[in-house]
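In: show me how the following folds:
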Amino acid sequence: MAPSHKWVSSVNSVRLNEDLGEFGGRASQTFLSRPNYNAKRSGLSLDGEVFYASFLYLAIPTVTAIAILIADARQVAFTGGIYVVVTGNRASVSIAVQVISIGLALIQVAAVSRTFNFATRIRLRKVPTSLSVLQFWNGISSGNIQWSLKSKLLALLSIYVGLAAIPAAIWTGSLTPVVTSTTHATTVRIPQYSNMSLVKEWPLEIARSGPSLRNAKGFFTYSIGGQYGGLLTQSITTATTMDGSPRHHVKYDNSNFMYIGRSFGVGSSVGLVDDDIVQNPLAQSYQYQETGYATQVTCSYNTSDTFFHISQLEVDVMLYPAEGYLPDSTGPEFSVFVGHGADAIVAFGVAAQPVKMGSTRYLGIAAGSSYVNLDATQCKLDFIPSAFDVVVNVKSKSITPDRRVVTTDDEIMPSSATDIEPSGNLIHVVARQIELYSNDLTNIYQSIVGNALNFSISDYCTFVEQSSANNSNTPSPDSTTITLKGIENSITAMIDDILVGYASAQLMIADDLVETSATVSLSAIGFGKSIYIYINFAISTLVLLLVAEEAIRTKGWRDLPAFDYTDLAHLAIASSKGGTDIADVTTSGVSQAGEDRSEDEKETDRHRGLSYSWSLARLQRLTSNRDQSYTRVRILLREEEGREDGGSGLNRFSLGVA
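Out: Sure thing, here's the model as predicted:
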């Protein structure tokens, strides 16, 4: 008696038993010996406790998607220590985001696959299904590509597997920290003029000049015209840009902040008394409101014989007077200028005793024959109190004042503001600094102020020529208009910077300041890109709706069998319960191939314990792509009724040919 082999299997293990049988007897076969696979004990209860619980994990990605959507809508951002940690450990944060994204996406994809698995398991007990479709179902449920599938099913499975990878990428885009900004309310200190004791016209003599202070922040003085001569000359020279763009000019201190456009006398505190903001490494910008003067300068020529002019008569060696009347003078003006002759002298004149200490003042320019285009120029200075939004970019060190406006039904008008110094004394002192500035400069061979004004005029002429070349329909202004516009730009820039100089002195010397509210923008970290957050929320909602719809359609998966075709143990049990029907159909017509072999070959197979109709070669072909006969077989999950054990286990299910 030759040994025969019998495979004995339980739920958890398979072992080979060897017993003696009659030589040449029936070959051994694989079977499960009386499995007792109770569904409740194995966690496959049909009361819903387990498979319902598996869908509860969807709460994790769903709640997360809702949370980041709300955070994005409310522009929630994190600054401080969180920002420092994230920006300083980008590689580690990226890895963490990838891991979390994959985990959240896995829950969603698993829910979709499980929903599909439940639906097809219910279908399998009702509708005959081919083995190839069953294999396709298995690929969808497990997320694995089954390469032996037919091309159409393989393509569908590949598409599903590819789509299943998208949620992880969307989660990554939603969770990856992005650098953004957040705003906080704070206060800043700005100058005021409650103490005007130091704001006056100080003499030019070095021993009699106004109070000054020099420290790490810069040099500050109340004698602006005399001690800021070089800086004011630079302002006059660069007042006009050749391309018409806003003028960029540095503050008169060591803060290295730069104005973009006009200063209007505001922004003096930036870089001086705002260290708590500008020294914060997370600060991007801040904004506050300050009142200044939107000074308007309008120039024309005054040909009156009594108007301010250069006298050709020396009052002393190389000393020539500039004298005459201005529109707001109470008497003739008189100042002395140095020069080899009167031809190279350019003088500014402002009434020392004006008719009224108001918001409108007049400036006269007297020049010798070398600067005849500047001579007899009269400029009206209107100091208009205005409110400004001051925007300070801490990173680029720029200051941009923007005049506030009010909108009416018909037009947009500048908003009104209370004068920062209503007595008019500040305006008078500022205007007088223009004359003191020119009076302190030499005019021996050339006029410094005259050359500076001509530079501004030349730059404006270049701008006009470029504009005319770009637009032939625009008429070019005449030389007189160009000259007067260049002068207007220079005087405007000069007045703005003088106002900033006095405001800085009030801050640093007089300590005359007041706090005002401000809004600071800080670097922060936010959640991902908005587009990915919205897409992610849509995907989470669709997955949740899909599961809910399927639960409603199947009435809570009421007819779901305990049998799961993705579980190899379930397949082995159900197949063995079904008998040899599937094997007989898939191997029909094949056993004839075994008859063609010799008796010696058949006898050898018997000694090996194998039937000739189940040769190893045939088994290999059955499991390869070269033999697709099994794909034509349609099987059905059968359930036995009326079992004494209540039919709660897998013993009541079997797979058979439909």
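In: C-alpha only now, for contacts and for neighbours.
Out: OK.
In: quick one, what contacts Tyr301?
Out: Ala376, Thr377, Gln378 (Cα atoms under 8 Å, 6 or more residues apart in numbering).
In: for the residues you listed, which one is nearest Asn471?
Out: For Asn471, the closest of the contacts of Tyr301 turns out to be Thr377, at 30.4 Å, with distances computed as Cα to Cα.
In: so how many other residues sit close to Ile552?
Out: Other residues lying near Ile552 total 11 when counted by other Cα atoms under 10 Å.
In: quick one: the helix or strand hosting it to chain centroid distance?
Out: Taking DSSP states H and E as the definition, Ile552 sits inside helix 530-553. Centre-to-centre, helix 530-553 and its host chain are 26 Å apart (Cα atoms, centre = their mean, to the nearest Å).
In: what sits up against it?
Out: 58, 61-62, 65-66, 68-69, 72, 108, 111-112, 115, 119, 167, 170-171, 173-174, 557.
In: next step: those restricted to strands.
Out: Filtering the contacts of helix 530-553 for membership in strands, criterion DSSP state E, returns an empty set.
In: so what's the residue nearest to the spatial centre of the chain bridging to?
Out: Closest to where the C-alpha atoms of the chain average out (Cα atoms, centre = their mean) is Thr180, at 4.8 Å. In this structure, Thr180 has the following beta-bridge partners (DSSP bridges): Ala524.
In: so it sits against Phe527, correct?
Out: No - applying Cα atoms under 8 Å as the test, Thr180 and Phe527 come out as separate, 9.3 Å apart.
In: joint contacts of these two?
Out: Ala77.
In: got phi/psi on Val93?
Out: For Val93, the backbone dihedrals are phi -60, psi -40 (criterion: degrees, to the nearest 10).
In: so how far is Tyr534 from the residue nearest to the centre of the chain?
Out: 18 Å (Cα to Cα, to the nearest Å).
In: got it, and Thr483?
Out: Using Cα to Cα, Thr483 is found at 59 Å from Tyr534.
In: those two: which has the busier surroundings?
Out: In this comparison of Thr483 against Tyr534, neighbours counted by other Cα under 10 Å, the higher total goes to Thr483 at 22 against 18.
In: in a helix, the more buried one, correct?
Out: Yes - note on Thr483: a helix contains this position according to DSSP: H, G, I helix; E, B strand; the rest coil.
In: hmm, it is touching Phe455, no?
Out: No - with contact taken as Cα under 8 Å, Thr483 and Phe455 are classed as non-touching, separated by 10.4 Å.
In: do a quick rundown of the strands in the stretch 51-200 of the chain.
Out: Counting by DSSP state E, counting those that start in this stretch, the stretch 51-200 of the chain has strands at residues 129-130, 177-191.
In: one more: the stretch 451-600 of the chain?
Out: Ranges of strands in the stretch 451-600 of the chain, per DSSP E, counting those that start in this stretch, are 513-527.
In: got the contact list for the nearest residue to Thr418 once chain neighbours are set aside?
Out: Leaving aside its chain neighbours, Thr418 sits nearest to Pro385 (6.4 Å; criterion: Cα to Cα, 6 or more residues apart in numbering). Contacts for Pro385 were tallied using Cα under 8 Å, 6+ apart; they are Thr291, Gly292, Tyr293, Ala294, Ser416, Ala417, Thr418, Asp419, Ile420.
In: on the three-state scheme, Gly265 is what?
Out: Under three-state DSSP, the three-state class of Gly265 is coil.
In: and it, what are its phi and psi?
Out: For Gly265, the backbone dihedrals (degrees, to the nearest 10) come out as phi 80, psi 10.
In: show me which residues of the helix holding Ile552 are buried.
Out: Neighbour-count burial for helix 530-553, with 16 or more other Cα atoms under 10 Å as criterion, is recorded at 532-537, 539-540, 543-544, 547, 550-551.
In: make JSON lines from these and add distance to Val406 and pLDDT to it.
Out: Below are these laid out as JSON lines (distance: Cα to Cα, whole Å; pLDDT from 0 to 100):
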{"residue": "Tyr532", "distance to Val406": "39", "pLDDT": "94"}
{"residue": "Ile533", "distance to Val406": "38", "pLDDT": "94"}
{"residue": "Tyr534", "distance to Val406": "37", "pLDDT": "95"}
{"residue": "Ile535", "distance to Val406": "41", "pLDDT": "95"}
{"residue": "Asn536", "distance to Val406": "43", "pLDDT": "94"}
{"residue": "Phe537", "distance to Val406": "41", "pLDDT": "95"}
{"residue": "Ile539", "distance to Val406": "46", "pLDDT": "95"}
{"residue": "Ser540", "distance to Val406": "46", "pLDDT": "94"}
{"residue": "Val543", "distance to Val406": "51", "pLDDT": "94"}
{"residue": "Leu544", "distance to Val406": "50", "pLDDT": "93"}
{"residue": "Val547", "distance to Val406": "55", "pLDDT": "92"}
{"residue": "Glu550", "distance to Val406": "59", "pLDDT": "90"}
{"residue": "Ala551", "distance to Val406": "60", "pLDDT": "88"}
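In: how about those, which pair is most distant?
Out: Distance extremes for those: the farthest pair is Tyr532 and Ala551 at 28.5 Å, using Cα to Cα.
In: just say which of the strands of the stretch 51-200 of the chain is most tucked in.
Out: Mean neighbour count, computed with mean count of other Cα atoms under 10 Å, is highest for strand 129-130 among these, reaching a mean of 20.
In: what about the helices in the stretch 351-500 of the chain?
Out: 425-439, 448-470, 479-508 (DSSP state H, counting those that start in this stretch).
In: quick check, pLDDT for Leu644.
Out: No, residue 644 isn't Leu; it's Glu. Reading off the confidence values, Glu644 has pLDDT 45.
In: equivalent analysis for Thr64, please.
Out: In this model, Thr64 is scored at 94, pLDDT.
In: my read is that Leu204 contacts Ile224, right?
Out: No - with contact defined as Cα under 8 Å, Leu204 does not reach Ile224; the gap is 10.0 Å.
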